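Chemist: For reference, the sequence and a predicted model appear below.
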Amino acid sequence: MLKTTPFHERTAPLCASHAWRRWAGHVVASSYELTHEREYHVIRTAAALFDVSPLYKYMVRGRDAGRLLDLVVTRNVQKAAVGQVLYTPWCDHAGKVMDDGTVARLNDTTFRMTSAEPNLRWLQDNAAGLEVDITDVTGGIAALSLQGPAAGSILASIGAPALKYFRIAPATLHGIAVTVSRTGYTGDLGYEIWAEAGNALALWDAVMEAGRPYGIMPAGLLALDMARLEAGLILIDVDYVPARKALIESQLSSPYELDLGWTVNLDKERFNGRDALVAEKARGPAWQFVGVEVEWSSLERLYAEVGLATRLPSATWRMSVPLYADGEQVGYATSGGWSPLLKKYIALAHLRSRWAAPGTPLEMEMTVEHRRRRAAARAVKKPFFDPPRKRA
Amino acid sequence: MSDVVVIGADANGLVAAHLLARAGHKVTLVQEHGARERTSGWVPAALARELALDVAVEWPDPWLRAPLDGGGVLELWRDRAKSVDSIRRLSARDAGAWPRFCERMSALARLLERIYLEPPPSLVDLRFALRVRRLGREAMEDFMRLLPMPVAELLDEWFASDVLKGALGALAVRHLHQGPRSAGTAFRLLHYHAGSPSGVFRSPMSNLAALLHTRAGVGMREAKVSGITVRGGEVTGVVLDGGQELRAPLVLSAADPRRTLVELVEPGLLDPDLLRALRNVRARGVAAKIVLTLERAPEWQTLTLAPSLDYVERAYDDVKYGRISAKPWLDVMADGASAEVHFQYAPHEQSTDATIGERAAKLLAPYLPPIKQGKVLAPPAPWPEGQPHQAELALDQAFWMRPLPELAGYCTPIKGLWLCGQAMHPAVAGIAGYNCAREIGRA
């Protein structure tokens, strides 16, 4: 049975489109309005409110909590300051990515981990011999994400403290005890608010009320998907196959192959996959995860040849699209679409290392009027959109 | 400084330690528990020869005595003709079948013996396939057919007598959390037959560990190990309770693999998936041990009370649901006026329950001299959860799957750390240590 989130009483009447999507066993809105366009634009121009409660959440407490998380994830958790949040992937023993998420250090011995997949068993498996308590708090904690240039002002107006990028702090918003982190999945200025499920509705009302003068809108996953594509952020099951679900060797990815090499801290004496990652770093990854930009003129020509005006995807697509260079297939895009803000056709792609350097000329397969064609494209640096306000 | 540390001074630890010492290593053996005087299990001639040991191996003779309902006893002897005579009193047909049964089983046991004296065969191992083929058509079919069979069905195929089948079926499931109608138990009959003369389906007792215990050549330490140290993926030694470190580039553990790899090795070094698999290895003790002091010595050495396969299966039914068998099957070994009773089944957590002694005494009263005193003993400390095989010897935890496919070759993912205990193939005291030491020699 699909579950609803603690905000469902508020989100359900707002969901005029009745377009619900499943996310980790919950129903959440794909879009609230009939199309997701305004919801997308509000992320970049005002503030969009997302219900992100279905994220898996774990409290990890105890003397060895930091030690456990350091064994599991690739980044250095014990070096994180209290109030710091780390984005990090984690790997199996062979150095292949199983999941990615965040680890927030709430105090010396308490951490909250978020993930896309269930990880309780994996955490417990790794905790053998350690003094640590792991609790699945997925259902107990409601989570909102407020993203966009006005997000900071809206939260400040109801009592949120100023926070630096990827920091977290306890706060009382309109009388409700929460923790607020300056994190998100849009590549914009943004915050995530974590509260007891019982306070969810009051929290929703307080944020919506405070956001009204700023043009706040609730937004669904379709808008979020466009924003995360512009931000160049990977999505599990779409841009990579988690190690546990991979059926064949070639479906596995290492952090280096997902452009997450910056999260791999080989100074740590041990963590899952370290030996394999040391070796991979030495020989260089076979694949890179890069941005791809399709050339407008080429796209326009393909459509003109069949007598049509250029057609653009209205939402982010999620499928494997072949990429060619020098006459052979050298990779595949896994997410792509039109960025209304950048006015560019962009995609996230896996490319063999040889063809992954920014500027490399590529061709991307396009189906134009039932025929497979190739449009000129090139490899580019991610993120596609990176406003200074994200970190400021 | 030693170059080898062996953890555990049971037969496996001792055999491995002395073999390595003879190969020129300087070996320290850490004895974690008091020495056990007698070793149960086959002692292969090759092992005794390589260690230049004059081992005394003995079976009781008759090796099986089972009382009959209306008085009298079924006796199975090393001398096949005497066994046939005894069986004839129950069933002429069974008596006629006994010699052929013994020959067929014996052919298979000889194959097991060869398999046991080597690291477990791989499924794709050509030599293994050839060996099975060389048995000839009948024995090859027997082998393939018999391994996964319930021992009850095997015995039902051959015999009619309840007493004969009950006693043989009971001995086959000794220390196993299964009953005679569980799949894979026919293999157990062969396991206890391996190394014994044709017609003897019981492991012998020997002085293997006792002999090695007093032998020079290996440094002995009495201490408990609190950790195994590892640097850069290679073992560097062991830490004793109290903090002393014994450094060595080669460490063998006869302790159970779960303790060795989950408790003694620091967290974070091994694949969590492997550790999970290890935690799922079944090691459930199912037997209690009672030591009786009798008013006088009985006139026999052994007595087995397992009057039918139904009886044994019902005893198992109880433990399936967490209870001590209301009517356990019992196996008594007498030594003068003292007797040791093997009581099966009792869940490990209840294996020293007060009612165990009473239940056994009541069942045994008609057959024993009066009991002066009885004491229920806790299982020896090295047996995890009271399981002497460390990992239950079931078909899915045998051969190349013992204790797990990933660990079946005695070596571990940590370089220099080896496993040589009962949880390793072939689960015969001493032979796992023998195979492990020889693998180290080859590595």
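Modeler: Here it is on my side, so go on.
Chemist: Any chance you could note which residues of the stretch 1-150 of chain B sit beside chain A?
Modeler: Residues of the stretch 1-150 of chain B lying close to chain A (Cβ under 8 Å from any Cβ of the partner chain): none. Glycine gets a C-beta too; all of them are placed from N, C-alpha and C.
Chemist: ok, for whatever residue of the stretch 1-150 of chain B ends up closest to chain A, nearest residue in space, not its chain neighbours?
Modeler: Residue nearest to chain A within the stretch 1-150 of chain B (Cβ to the nearest Cβ): B:Ile7, separated by 17.3 Å. Excluding its sequence neighbours, the residue lying closest to B:Ile7 (Cβ to Cβ, 6 or more residues apart in numbering or on different chains) is B:Ser253, at 4.4 Å.
Chemist: Which residues are in contact with the one you found?
Modeler: By Cβ atoms under 8 Å, 6 or more residues apart in numbering or on different chains, the residues touching B:Ser253 are B:Val6, B:Ile7, B:Gly8, B:Ile228, B:Thr260, B:Leu264, B:Leu417, B:Trp418, B:Leu419, B:Cys420, B:Gly421.
Chemist: do the same with B:Leu190
Modeler: Here B:Leu190 is in contact with B:Met105, B:Leu108, B:Ala109, B:Leu112, B:Leu146, B:Leu147 (Cβ under 8 Å, 6+ apart).
Chemist: Throw those into CSV and include distance to A:Gly220, secondary structure and neighbour count, thanks.
Modeler: Converted to CSV, the contacts of B:Leu190 look like this (distance: Cβ to Cβ, whole Å; DSSP: H, G, I helix; E, B strand; the rest coil; neighbours: other Cβ atoms under 10 Å in any protein chain shown):
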residue, distance to A:Gly220, secondary structure, neighbour count
B:Met105, 70, helix, 21
B:Leu108, 67, helix, 23
B:Ala109, 70, helix, 24
B:Leu112, 65, helix, 21
B:Leu146, 63, helix, 19
B:Leu147, 59, coil, 17
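Chemist: sorry, back to before: what's the distance between the residue nearest to B:Ile7 and A:Val264?
Modeler: Using Cβ to Cβ, to the nearest Å, one gets 33 Å for the distance from B:Ser253 to A:Val264.
Chemist: Next: A:His370.
Modeler: A:His370 is 44 Å from A:Val264, where distance means Cβ to Cβ.
Chemist: Between these two, tell me which one has more neighbours.
Modeler: Higher neighbour count among A:His370 and A:Val264: A:Val264, with 25 against 6, using other Cβ atoms under 10 Å in any protein chain shown.
Chemist: So that one sits against A:Leu258, correct?
Modeler: No. Applying Cβ atoms under 8 Å as the test, A:Val264 and A:Leu258 come out as separate, 10.5 Å apart.
Chemist: quick one, what contacts B:Cys436?
Modeler: Going by Cβ under 8 Å, 6+ apart, B:Cys436 touches B:Asn12, B:Ala16, B:Leu252, B:Tyr410, B:Trp418, B:Leu419, B:Cys420, B:Met424.
Chemist: Which helix or strand contains whichever residue of the stretch 151-300 of chain A sits closest to chain B?
Modeler: Across the stretch 151-300 of chain A, the shortest distance to chain B (Cβ to the nearest Cβ) belongs to A:Arg270, at 4.6 Å. Assessed by DSSP states H and E, A:Arg270 sits outside every helix and strand.
Chemist: what does the model give the residue lying closest to it once chain neighbours are set aside for pLDDT?
Modeler: Closest residue in space to A:Arg270, ignoring its immediate chain neighbours: B:Gly268 at 4.6 Å, by Cβ to Cβ, 6+ apart. On pLDDT, B:Gly268 comes in at 87.
Chemist: Based on its surroundings, how many neighbours for residue 6?
Modeler: Just so you know, I chose chain A. For A:Pro6, the neighbour count with other Cβ under 10 Å is 25.
Chemist: other chain: chain B
Modeler: Residues near B:Val6, counting by other Cβ under 10 Å, number 35.
Chemist: Wasn't it part of a helix?
Modeler: No. Counting by DSSP: H, G, I helix; E, B strand; the rest coil, B:Val6 falls outside a helix, being strand.
Chemist: List the residues that contact it.
Modeler: Contacts for B:Val6 were tallied using Cβ under 8 Å, 6+ apart; they are B:13, B:16-17, B:20, B:27-30, B:218, B:251-254, B:420.
Chemist: among the contacts of B:Cys436, who's most crowded?
Modeler: For these, counting by other Cβ under 10 Å, the largest number of neighbours falls to B:Asn12: 34 neighbours.
Chemist: so A:Leu233 touches A:Asp188, yeah?
Modeler: No. Judged on Cβ under 8 Å, A:Leu233 makes no contact with A:Asp188 at a distance of 11.3 Å.
Chemist: more crowded one of these two?
Modeler: Higher neighbour count among A:Leu233 and A:Asp188: A:Asp188, with 22 against 19, using other Cβ under 10 Å.
Chemist: three-state assignment of the more buried one?
Modeler: Going by three-state DSSP: A:Asp188 is coil.
Chemist: Pull the contacting residues for it.
Modeler: By Cβ under 8 Å, 6+ apart, the contact set of A:Asp188 is A:Ile43, A:Arg44, A:Gln147, A:Gly148, A:Pro149, A:Ala151, A:Ala227, A:Ala231, A:Pro387, A:Arg389, A:Lys390.
Chemist: what comes up buried for the host helix or strand of the first one?
Modeler: When secondary structure is defined by DSSP H and E, A:Ile43 falls within helix A:37-45. Buried residues in helix A:37-45, defined by neighbour count with 16 or more other Cβ atoms under 10 Å in any protein chain shown: A:Glu37, A:Arg38, A:Glu39, A:Tyr40, A:His41, A:Val42, A:Ile43, A:Arg44.
Chemist: Would you mind measuring from the last one to A:Ser157?
Modeler: Relative to A:Ser157, A:Arg44 is positioned 21 Å away (criterion: Cβ to Cβ).
Chemist: And for B:Leu275?
Modeler: Using Cβ to Cβ, B:Leu275 is found at 50 Å from A:Ser157.
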